[in-house]
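J.: return atomic coordinates for the entry below.
(2 chains)
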Amino acid sequence: EDQVTQSPEALRLQEGESSSLNCSYTVSGLRGLFWYRQDPGKGPEFLFTLYSAGEEKEKERLKATLTKKESFLHITAPKPEDSATYLCAVIQGSSNTGKLIFGQGTTLQVKP
Amino acid sequence: DGGITQSPKYLFRKEGQNVTLSCEQNLNHDAMYWYRQDPGQGLRLIYYSQIVNDFQKGDIAEGYSVSREKKESFPLTVTSAQKNPTAFYLCATTRTGIMNTEAFFGQGTRLTVV
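T.: Residues are numbered from 1 along each chain as shown, chains lettered A, B, ... in the order given. Below is the predicted model of the structure:
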């Protein structure tokens, strides 16, 4: 069964304190792994797509990496505006559609 | 401005009532999806549609219904058969229903049973 697990559930950082969020996945044939940012009461905002092990993507203070079993979202020198819930999702391997399997999310709080 | 518009932002339902959530997109995307989000859980797929006049059940379709009469619109009806409808509902689109492209989301509708 396709599954996505994110850890930790919650993370508190001081401004400038770098860290990483983890997304472990089990899927029959990875066709894409996605990272989203979600602010309270809003819809998820797309950040990155990763397709194959070894791939890396960067955007400002965020860097996403992918292995055969997991993905990391590295946050370098975070700022309070980086506070949000970060969601990881994979395309369901058994289907030929864009159906996504989501993890539970990691809620990040960055204190000034 | 291209995007996905969900309305209303907040919706209150009485016991036994059917309510309809609206989702409109002007991205010219073929595929549309409805997800449900509950606290502490990942988004779960309710229904999806890859083309007009066609749609399929997702993982939690019981108590919900949809239609796809126009490419731009994919309304979701929460029926009285849905026993626990209080949740945050998200509509999403992808350029096509087959390619491995990212999904774009609307801003959500929060449904509360009163």
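
J.: which residues are in contact with the nearest residue to residue A:36 once chain neighbours are set aside?
T.: The shortest distance from residue A:36 to any residue that is not its chain neighbour, by Cβ to Cβ, 6 or more residues apart in numbering or on different chains, is 3.7 Å, and that residue is residue A:44. (Each C-beta comes from the backbone N, C-alpha and C, glycine too.) With Cβ atoms under 8 Å, 6 or more residues apart in numbering or on different chains as the criterion, the residues that contact residue A:44 are A:36, A:37, A:38, A:87, B:43, B:90, B:105.

J.: surely the fourth one meets residue B:43?
T.: Pointing back at residue A:87 there. Yes: taking contacts as Cβ atoms under 8 Å, residue A:87 lies within contact range of residue B:43: 7.4 Å.

J.: right, and the helix or strand after the worst-scoring helix or strand of chain A on mean pLDDT?
T.: Averaged element by element with mean pLDDT, DSSP states H and E, chain A has its least confident helix or strand at strand A:100-102 (a mean of 91). On the C-terminal side of strand A:100-102, the nearest following helix or strand under DSSP states H and E is strand A:106-111.

J.: what average pLDDT does that following strand get?
T.: Strand A:106-111 shows an average pLDDT of 98 in the prediction.

J.: likewise for stretch B:46-57?
T.: Across stretch B:46-57, the per-residue pLDDT values average to 94.

J.: shared neighbours of residue A:87 and residue B:43, anything?
T.: Once Cβ under 8 Å, 6+ apart is applied, the residues that residue A:87 and residue B:43 both contact turn out to be A:44, A:102.

J.: which phi and psi values does residue B:19 adopt?
T.: Per-residue torsions, residue B:19: phi -130, psi 150 (degrees, to the nearest 10).

J.: how many other residues sit next to it?
T.: 19 (other Cβ atoms under 10 Å in any protein chain shown).

J.: for the spatially closest residue to it that is not a sequence neighbour, the count of nearby residues, please.
T.: Of all residues not flanking residue B:19 in the chain, residue B:13 sits nearest, at 4.8 Å (Cβ to Cβ, 6+ apart). Residue B:13: 17 surrounding residues under other Cβ under 10 Å.

J.: how much space between the residue nearest to residue A:36 and residue B:63?
T.: Residue A:44 sits at a distance of 24 Å from residue B:63 (criterion: Cβ to Cβ, to the nearest Å).

J.: am I right that residue A:65 sits in a strand?
T.: Yes: with DSSP: H, G, I helix; E, B strand; the rest coil as the criterion, residue A:65 is located in a strand.

J.: ok, it touching residue A:58?
T.: No: between residue A:65 and residue A:58 there is no contact, the gap being 9.8 Å when judged by Cβ under 8 Å.

J.: name the residue in these two with the higher neighbour count.
T.: Of the pair residue A:65 and residue A:58, residue A:65 is the one with more neighbours under other Cβ under 10 Å, namely 18 against 12.

J.: which bits of chain B sit near chain A?
T.: Chain B comes close to chain A at residues B:4, B:6, B:31, B:33, B:35, B:40-45, B:48, B:50, B:56, B:58, B:90, B:94, B:96-108, B:110, as judged by Cβ under 8 Å from any Cβ of the partner chain.

J.: in strands, which of those residues fall?
T.: Counting by DSSP state E, the part of those found in strands is B:4, B:6, B:31, B:33, B:35, B:44-45, B:48, B:50, B:56, B:90, B:94, B:104-105, B:110.
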